[in-house]
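K.L.:
next input, structure requested:
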Amino acid sequence: MEFARTVIMAALFGWLSIGLSHAQTGHPEYVGTKTCAECHEAEMEAWKDSHHALAWTFANEENVLGDFGSSTFSHKSEDWYFSKDENDFVVETKSEDGEETTYKVIGVAGIAPLQQYLVDIGDGHIQALDIAWDIENERWYHLYPDQDLPPGDGLHWTGPYKNWNARCAECHATGFEKNYNPASRRYQSRAEEIGVGCEACHGPAEAHLAWARDGETDLSTYGEGLTELGFTIDTAAEDPEVQIQQCAGCHSRREPFQNGNPLPGTPFHDAYRLSLLREGLYHPDGQILDEVYVYGSFLQSKMYANGVRCSDCHDVHTAEIKADDNSLCTQCHSPAGDDRFSTLRKAVYDDPGHHFHEPGSEGAQCKSCHMIERVYMGIDGRRDHSFRIPRPDLTETTGAPNACNDCHDDQSAQWAAAEIEKHFLDSENRGFHHGELFHQAWNGDSSTFAALMELAQDDSAADIVRASALDILQRAEDPQIAAQAVDLLKDDSPLVRSAAIVLQRAAPPTERVQRLSPLLSDPVSSVRMAAAREFLNAPIARMPPNLEQAYRSALDEWRAGLAMRADFPETHMVLGGTALVMRNLQAAEMAFRRTVDMDPQLVQAWSMIVRILDAQGNRESAKAALDSALEANPEDPGLLQLKSQYQ
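P.N.:
Numbers count the residues shown, from 1 in each chain. Next comes the predicted model:
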């Protein structure tokens, strides 16, 4: 009999009873930015008009820049009417049920190049409108102009993907707590402060305030692990990882484990699961494609590998880059170099002999070649932080874009590759690139598996690239590949360890348990949770007490992480899949039904409901479920094909 099967099922599907109020305890209290400003006037002055300070503000005359003077905007099947009554900014549009409804604007997100407006649609659900205000051109525009998103669509502005509490607020606030109750589907969210204030990065300052007033205060009374200044994070730490991981908490594409803002100083991989280099998020060579928010790109760079940190280029209080021109880069990339970076070649870079463009022109800017820009949210240009060398030759082999043709769009990639080769003869920066391997693998070429494993084992490659190679190898489902990945379970990188864990699904059950048991006590939370997931259907009759304790603890972490994401349709997909692995069809059906209730366009969940009902001999219910699926997705080819089986 499998180990404590009923206990495991209760752990998986009994999480609704977990208390979801994330009361952070054992650390100093927040005191607010105004208190910090009493001593730190210069920092306050630099911060107060920054994108951090204005990340989330109240809807008032000072903050709202959009035209609420009885203006209208139409898009596809919806009309929007913006106006202002005596006290409030209001918008009238279709609600979730398709009825014309008037909403009060309760918040403002951002300051430039666009502003989004926030409304409460009931039960504490704060939603971000799809219609945004273009600051420069002073116009309303739709964030998704090519999409028709009517009421009832999972991507409608009232749906789960546009929910501010779940998707946005923690990175626009200080000390945010989401506080979602999945039973009532209500939010009781709160924040110490809206906007990214001092304590969002430095941590709650109660102990620091005591230290400032009385240097002999016993800081241990405020919590463990505080710095000598009373903070939960040492922002002046010599190790660049401290700062980088703090910034990465918001500047990354990731899956959160907690209820809101982790306490500043929390290691990234204890609070989040980073999205790897996957198709749809990145190009095969690792360039940005979808909105990935910097960290995954930066991890690929030589700058990260050599100890460059965010504040080398960005002012931490204004949140702006330190210079708009090439002097930002030549502070290090110059004949003088920088003694902190011993491998940096000292040479002239800001010169036509390097960039081969007219000085001062767009093509002569370092960022034009090494930080390609892509536009998100319609008008928001963001630069790729992988700091890559232009490779137009890879455009020919992988389809990935290149910096040369961004400007020279009247020329071919072949032309650009020839120009690069002409200017940089015998360059070591040409030749094989892992992007070619990823491109082949993403297109189903199983002959890449051996090379992917070799890449994963290459310590000189970036950790996110190595982990992504392992991520691709999951599709092999090969016991031999699982065996080859065993040594990577001890890798220094938590990204690599987590990815290697998932490969062990293909291992014989007894070997899988032996290999993964030590990972249940890994020092990093994301790794422990990955190991716990792979134990769920392990054929264990009985565990030694120490292993059982480690397993229960890791499983509780994973379970709590799922509970914190109970407002995500994706979470219920995970629960449904897990229930199937454990052969609990009733629990699987329940999870998939919750999924489509939240997002009717998740066709995969509908298909699973139909198949589960059919497998239980309930063909009429399966037909009814399929009819509901087609009502929400009338043109989906997969559902139409499934329908033909029930004629």
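
K.L.:
for this structure, longest strand please?
P.N.:
Ranked by residue count, the top strand of the chain under DSSP state E comes out as strand 100-109.

K.L.:
could you pull up the mean pLDDT of that one?
P.N.:
Average pLDDT, strand 100-109: 98.

K.L.:
list the contacts of that strand.
P.N.:
Outside strand 100-109, the residues that touch it by Cβ atoms under 8 Å, 6 or more residues apart in numbering are 55-59, 63-64, 68, 88-95, 115-121, 126, 128, 164, 168, 172, 194. For every residue, glycine as well, the C-beta is placed using N, CA and C.

K.L.:
okay, it in CSV with CA atoms only?
P.N.:
Output of strand 100-109 as CSV, limited to C-alpha atoms (Å, rounded to 0.1, in the frame of the first residue of the first chain):
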residue,chain,number,x,y,z
GLU,A,100,-23.4,48.1,-18.7
THR,A,101,-22.0,49.0,-15.3
THR,A,102,-20.4,52.1,-13.8
TYR,A,103,-17.2,51.7,-11.8
LYS,A,104,-15.4,54.1,-9.5
VAL,A,105,-11.6,54.3,-10.2
ILE,A,106,-9.9,53.5,-7.0
GLY,A,107,-6.2,53.5,-8.0
VAL,A,108,-3.6,54.4,-10.6
ALA,A,109,-0.9,52.1,-11.8
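
K.L.:
what strands line up against that strand, and which way round?
P.N.:
strand 57-58 (antiparallel), strand 89-94 (antiparallel), strand 114-120 (antiparallel) (DSSP bridges).

K.L.:
what residues does the longest one touch?
P.N.:
Yep, that's strand 114-120 we're talking about. Counting by Cβ under 8 Å, 6+ apart, 59, 64-66, 89, 91, 103-110, 126-129, 132-135, 164, 377-380 sit against strand 114-120.

K.L.:
avg pLDDT for the next helix or strand after it?
P.N.:
Next helix or strand after strand 114-120 toward the C-terminus (DSSP states H and E): strand 126-128. Averaging pLDDT along strand 126-128 gives 98.

K.L.:
excluding its own residues, what touches strand 126-128? List them.
P.N.:
Looking at strand 126-128 with Cβ under 8 Å, 6+ apart, the contacting residues turn out to be 106-107, 109, 116-121, 157-158, 162-165, 168-169, 187, 189.

K.L.:
are any of these buried, and which?
P.N.:
107, 109, 116-120, 157-158, 162-165, 168-169, 187, 189 (16 or more other Cβ atoms under 10 Å).

K.L.:
tell me the domain boundaries of the chain?
P.N.:
56-171, 272-389, 435-544, 568-644 (automatic domain parsing).

K.L.:
endpoint to endpoint, the second one covers what distance?
P.N.:
With Cα to Cα, to the nearest Å as the measure, the ends of domain 272-389 fall 30 Å from one another.

K.L.:
which ones are touching the residue nearest to the spatial centre of the chain?
P.N.:
In the chain, the residue lying closest to the centroid (Cα atoms, centre = their mean) is R253, at 1.9 Å. Counting by Cβ under 8 Å, 6+ apart, R253 makes contact with 274-275, 281, 290-293, 295-296.

K.L.:
in strands, which of the residues you listed fall?
P.N.:
Short answer: the contacts of R253 in strands (DSSP E) are L274.

K.L.:
so where is the stretch 1-150 of the chain shaky, pLDDT-wise?
P.N.:
Scanning the stretch 1-150 of the chain for pLDDT under 70 picks out the ranges 1-25.

K.L.:
mind checking which helix or strand S184 is in?
P.N.:
Short version, using DSSP H and E: S184 is in no helix or strand.

K.L.:
how about the residue lying closest to it once chain neighbours are set aside, what does it touch?
P.N.:
Nearest residue to S184, sequence neighbours excluded (Cβ to Cβ, 6 or more residues apart in numbering): D123, at 7.5 Å. Under the criterion of Cβ under 8 Å, 6+ apart, the neighbours of D123 are 184-187.
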